[in-house]
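Q: Provided below are the primary sequence and the corresponding predicted coordinates.
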Amino acid sequence: MPPVSSLRRYPWLFALAVFVVYYLFARLGVVFSSMPDSSLSLLWLPSGIGAAAVMLRGWRMLPAIWLASLLINTPAGLPDALMSQHWAALLAGVGAGAVDTFQSFAAAWLFQRLVGRPRFVAGYQVLRFSFWVAIPVSAVTVMLLVALSAALGFLPKTPETGMMGALSIWASFSLADIHGMLLIVPLALSWMGAYRERGALNPWLMVGMFGVLAVIILLGYTVLGGAVYLLIPMFMILALRAHVRGVSLFLTVSSITLTSLTVYGHSPFGGASHWAQLANLLLFVFASGVAALFVAAQQLELRSAKSMLEDQVAKRTLALREANQRLQALTRTDDLTSIPNRRHFMAATPPDNAEGVVMMLDIDYFKSINDRFGHQTGDDVLKAVASLGRQQVRSNDLFARTGGEEFACWLPEMTVAEAIPVAERLRQVIADAEFNLPERLSVTVSIGLSPFLHTLEDTMTAADAALYDAKRAGRNRVVVAGIPGGGKGAP
């Protein structure tokens, strides 16, 4: 058989594979699951093969299905007494092929309309497929097949006669087609569909389950007929641990085994007749299979919902973290100048016993700038001074706007002697800068310096006092705390 990747790439190759698989499983069904004295199978896996093929690859699979059904039904659809009537054999094959092709098309069409995309990722999809697709499609198409068989006179023999016999055949064959769809469609979609289940099956779990299946079958057909009901908890375990893939595989293997053994007279199910035993078997497989597949799909839905919820939580957590970072930046950044604000300055500067210098800076005559040229011009001056200040200090220095026209700078690991040139350079750069003012007007600053004292608050108080000493000394100058009138400046 060609690899799955080649089947997806070449539709004609997929159609050929469908033809071969359909024909082989139909032949196996006739041989291993046919009623005594009848060539019609009670486990018709091709019903699921055809439906799954059309679901996966569309209407282009219909000719392959019709041809395979024609070949399997033309020689096998009639009793030996009619084999000499070639026209009847051909008519039976053509009619049965048309019915089987219509069944595959109808199942795929209804699945698309009532269930959705070809996949089983939710419990409701299993129920809709089972009760809204498999049952009605099988019932209608088997009714057509029974009518065709009755018209040609080769209905299988049953204990009942007349209408009751036909109804018995219709019910049994409908269960066989439902059986085939229930086994093959979930198996094909979970292994070959566009949405394949994530994660590989646990091989040891499957080996263990098949081992237990063998023991149960041995017990069921030897000393303990009721052992077959132990399959139900196994289905549930697989539904919880192996999901649709594992359940569909185990269901298919166990069902084919039970059906074949039942056909050959080893039924663990009670019944007055062979027909009743087979009907009980198919009802058991349908009930337990639907329940197990429902739980498996529901587990997949819950797992998908959990994954989506975790993704949403992760996305919202990231968004919240980013929002908190933006909020934190806003609370620690001055809106106008985009440099750190007083809150950031107070939090980032060591609170006590640090080595460094605090520089306090205030724009001279800033109120008159606002009064003469307006607050927009004053804002432009503040932004320009902030930009110049940030450019003149080191990368590890902290230059901040502490309020109004006042700025502060923390110069870590620096002495006053080293800080004075820095302050003087900043003062001179601002004094020489050209500001975009309506009139030619120079902007100057007064600066106060203080070495770090016992606490940051004491240091800022001392630097602020030196700043006001600079103001009183004539502005546009640098004053060091503890040195009255100290520092340099414009005359």
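A: Yep, that arrived. Numbering: from 1, shown residues only.

Q: For stretch 341-356, which residues meet the burial criterion?
A: The neighbour-count criterion (16 or more other CB atoms under 10 Å) identifies Asn341, His344, Phe345, Met346, Thr349, Ala354, Gly356 as the buried residues of stretch 341-356. Any C-beta I mention is one placed from the backbone N, CA and C, and that applies to glycine too.

Q: repeat for stretch 379-387
A: Neighbour counts using 16+ other CB under 10 Å place Asp380, Val381, Leu382, Lys383, Ala384, Val385, Ala386 of stretch 379-387 among the buried residues.

Q: Same check on stretch 55-63?
A: Buried positions in stretch 55-63, judged by neighbour count with 16+ other CB under 10 Å: Met55, Leu56, Arg57, Met61, Leu62.

Q: likewise stretch 107-117?
A: Buried positions in stretch 107-117, judged by neighbour count with 16+ other CB under 10 Å: Ala107, Ala108, Trp109, Leu110, Phe111, Val115.

Q: okay if I get those residues as a markdown table plus distance to Asp335 and pLDDT?
A: Conversion of the buried residues of stretch 107-117 to a markdown table gives the following (distance: CB to CB, whole Å; pLDDT from 0 to 100):
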| residue | distance to Asp335 | pLDDT |
| --- | --- | --- |
| Ala107 | 66 | 95 |
| Ala108 | 63 | 94 |
| Trp109 | 63 | 95 |
| Leu110 | 63 | 94 |
| Phe111 | 60 | 94 |
| Val115 | 57 | 90 |
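
Q: Which members of those residues occur in strands, if any?
A: Cross-referencing those against strands under DSSP state E gives no overlap.

Q: which ones among those residues are found in helices?
A: Among the buried residues of stretch 107-117, the subset assigned to helices under DSSP state H consists of Ala107, Ala108, Trp109, Leu110.

Q: now the residues you listed as JSON lines including distance to Arg119?
A: Listed next are those as JSON lines, based on distance: CB to CB, whole Å:
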{"residue": "Ala107", "distance to Arg119": "15"}
{"residue": "Ala108", "distance to Arg119": "13"}
{"residue": "Trp109", "distance to Arg119": "16"}
{"residue": "Leu110", "distance to Arg119": "15"}
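
Q: Go through these and say which is closest to Val207.
A: Using CB to CB, Ala107 comes nearest to Val207 of those, at 32.7 Å.

Q: For that closest one, give me its contacts.
A: When contacts are counted by CB atoms under 8 Å, 6 or more residues apart in numbering, Ala107 touches Ser47, Gly50, Ala51, Val54, Met55, Val133, Ala134, Val137, Met181, Val185.

Q: Dump these to CSV, plus secondary structure, pLDDT and distance to Phe407.
A: As requested, these are arranged in CSV below (DSSP: H, G, I helix; E, B strand; the rest coil; pLDDT from 0 to 100; distance: CB to CB, whole Å):
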residue, secondary structure, pLDDT, distance to Phe407
Ser47, helix, 92, 84
Gly50, helix, 94, 82
Ala51, helix, 94, 78
Val54, helix, 94, 77
Met55, helix, 92, 73
Val133, helix, 94, 76
Ala134, helix, 93, 79
Val137, helix, 95, 82
Met181, helix, 92, 80
Val185, helix, 93, 75
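
Q: Of these, which pair is most distant in space?
A: Distance extremes for the contacts of Ala107: the farthest pair is Val54 and Ala134 at 14.1 Å, using CB to CB.

Q: where do the strands sit along the protein?
A: Counting by DSSP E, the chain has strands at residues 356-363, 398-403, 406-412, 445-451, 478-480.

Q: strand partners of the third one, parallel vs antiparallel please.
A: Looking back up the chat, that one is strand 406-412. Pairing partners of strand 406-412, with direction, according to DSSP bridges: strand 356-363 (antiparallel), strand 398-403 (antiparallel).

Q: tell me the angle of that strand relative to strand 445-451?
A: Here strand 406-412 runs at 40 degrees with respect to strand 445-451, directions being taken by axes from the mean of the first three to the mean of the last three CA atoms, to 10 degrees.

Q: quick one: Ala296 from His344, how far?
A: Summarising the geometry, the distance separating Ala296 from His344, computed by CB to CB, to the nearest Å, is 57 Å.

Q: Would you check that Leu231 makes contact with Leu213?
A: Yes - the pair formed by Leu231 and Leu213 meets the contact definition of CB atoms under 8 Å, at 7.3 Å.

Q: between the two, who's got more neighbours?
A: Comparing Leu231 with Leu213 by neighbour count (other CB atoms under 10 Å), the higher total belongs to Leu231, at 24 against 18.

Q: How confident is the prediction for the more buried one, by pLDDT?
A: What the model reports as pLDDT for Leu231 is 80.

Q: again with Ser138
A: Reading off the model, Ser138 has pLDDT 93.

Q: Excluding chain neighbours, what is closest to it?
A: Asp177 (3.8 Å; CB to CB, 6 or more residues apart in numbering).

Q: got the buried residues of stretch 107-117 as TSV, with distance to Thr74 columns?
A: TSV is the format used below for the buried residues of stretch 107-117 (distance: CB to CB, whole Å):
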residue	distance to Thr74
Ala107	23
Ala108	25
Trp109	27
Leu110	28
Phe111	29
Val115	33
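
Q: With respect to Ala151, which of those residues is nearest?
A: Among these, Ala107 lies closest to Ala151 (CB to CB), at 24.4 Å.

Q: who touches the spatially closest residue to the closest one that is not a sequence neighbour in this structure?
A: Beyond its immediate neighbours in the sequence, the residue positioned closest to Ala107 (CB to CB, 6+ apart) is Ala51, lying 3.7 Å away. Residues counted as contacts of Ala51 (CB under 8 Å, 6+ apart) are Gln103, Ser104, Ala107, Ala108, Phe111, Val137, Met181, Ile184, Val185.

Q: with the residues you listed in mind, which one is nearest to Ala92?
A: Distances from Ala92 to the contacts of Ala51, taken by CB to CB, are shortest for Gln103, at 16.1 Å.

Q: Verify the contact between the closest one and Thr141 for me.
A: Yes - Gln103 is in contact with Thr141 according to CB under 8 Å; the separation is 4.1 Å.

Q: These two: who's more crowded?
A: For Gln103 versus Thr141, neighbours defined as other CB under 10 Å are more numerous around Gln103 (28 against 23).

Q: Many thanks, have a good one.
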